[in-house]
Structures are given as structure tokens and as C-alpha cells.
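[1] the amino acid sequence is not available; the structure is as follows:
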């Protein structure tokens with residue numbers, strides 16, 4: 001019984017690679033209103049937004065542009081820097 005629960009737990013896990021999207025088919029869209037956020041159109045019609053900071057070689061993909069901007073701000077706060085997009089200091 002315990003072996004079945006371990007098997008189900010491992011089946012539910014998904015492995016996310018650094019770039020989860022094929023490079024050959026994605027098209028870069030025009031720049032949005034947030035810094036360090038880039039938008040791409042995938043071959044299947046889906047639009048994804050990438051948070052990318054070249055200084056730290058860090059990137060993440062998100063469903064919306066605002067979520068990507070918030071992720072950039074949170075990353076900068078963790079590094080001891082000031083947020084530049086959505087989040088502001090009180």
C-alpha cells in the first residue's frame with residue numbers, strides 16, 4: 001500500500017527544465033511596459049512572458065506580464081536591491 005502512494009506521488013511530479021519551450025518556434029513580441037520582462041508567442045498560439053535579469057543569469061516564465069514583473073521585483077528584493085516594476089517600498 002505504501003509503495004502505491006510513493007508511485008502516485010512520483011507520477012504527479014513534473015520536471016521543469018531551464019527552457020521549457022522550443023527555441024525554434026517562439027517569436028519575440030514587442031517590449032511591454034515593465035523592465036526585464038519579455039513576451040514570446042509560441043507555435044501553438046500561447047503567449048508567455050519571461051522574467052530575465054542578465055546580470056544574475058536568472059529567468060522564469062509566467063502566464064501574465066504583471067506576474068513576470070512581480071517576480072523580477074521579488075528576485076531583486078531577495079538580492080538586496082530596490083524593486084523596479086510593480087512593488088514599492090512602504
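    Good, I have the coordinates. These numbers come from a predicted model, not from an experiment. Numbers count the residues shown, from 1 in each chain.
[2] any idea which element the nearest residue to residue 59 once chain neighbours are set aside lies in?
    Leaving out its chain neighbours, the residue that sits closest to residue 59 by C-beta to C-beta, 6 or more residues apart in numbering is residue 52, at 4.3 Å. Every residue, glycine included, has its C-beta placed from N, CA and C. Applying DSSP states H and E as the criterion places residue 52 in strand 47-53.
[3] off-centre distance for that strand?
    Here strand 47-53 is found 5 Å from its chain centre; the criterion is C-alpha atoms, centre = their mean, to the nearest Å.
[4] which SSE is immediately downstream of the lowest-mean-pLDDT helix or strand in the chain?
    Among the helices and strands of the chain, helix 2-12 carries the lowest confidence by mean pLDDT, DSSP states H and E, at a mean of 45. Next helix or strand after helix 2-12 toward the C-terminus (DSSP H and E): strand 27-28.
[5] if anything else comes up later, I'll come back, but that's it for now.
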